[in-house]
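A.B. asks: How does the following fold in three dimensions:
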Amino acid sequence: MHRLVVRSRVGSDGVLHIDIPMGKEVADREVQVTIDPIPTVPCPMTQEEWRQFVMETAGSITDPSFVRHEQGVYEQREELP
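C.D. replies: Predicted structure coming up:
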């Protein structure tokens, strides 16, 4: 017998029901079932939630030793026509 992967969803009652036809050649044999929950993907933020997150993080560094170093001198380029 080979490893078989079946995806199924637990019902709203909290019970998982699965029926897997295996074939008569493996009738009356024991099998092992492993439950491996699939990680859920978090819901993406709405535009307003993202804005609120950015506003909360702005200025949130309280470490007094944190400084923005000099950015250097930028080269002067010719203007575009």
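
A.B. asks: residue ranges with poor pLDDT in the chain?
C.D. replies: 1 (pLDDT under 70).

A.B. asks: Now with 80, please.
C.D. replies: 1-2, 43 (pLDDT under 80).

A.B. asks: Now do the same for E56: helix, strand or coil?
C.D. replies: On the three-state scheme (DSSP: H, G, I helix; E, B strand; the rest coil), E56 is labelled helix.

A.B. asks: what's the spacing between it and L16?
C.D. replies: Separation of E56 from L16 (C-beta to C-beta, to the nearest Å) stands at 40 Å. All C-beta atoms are positioned from the backbone trio N, CA, C, and that covers glycine.

A.B. asks: swap in E25?
C.D. replies: Distance, E25 to L16, by C-beta to C-beta: 26 Å.

A.B. asks: Looking at those two now, which is surrounded by more residues?
C.D. replies: For E25 and L16, the more surrounded residue by other C-beta atoms under 10 Å is L16, and the numbers stand at 11 against 7.
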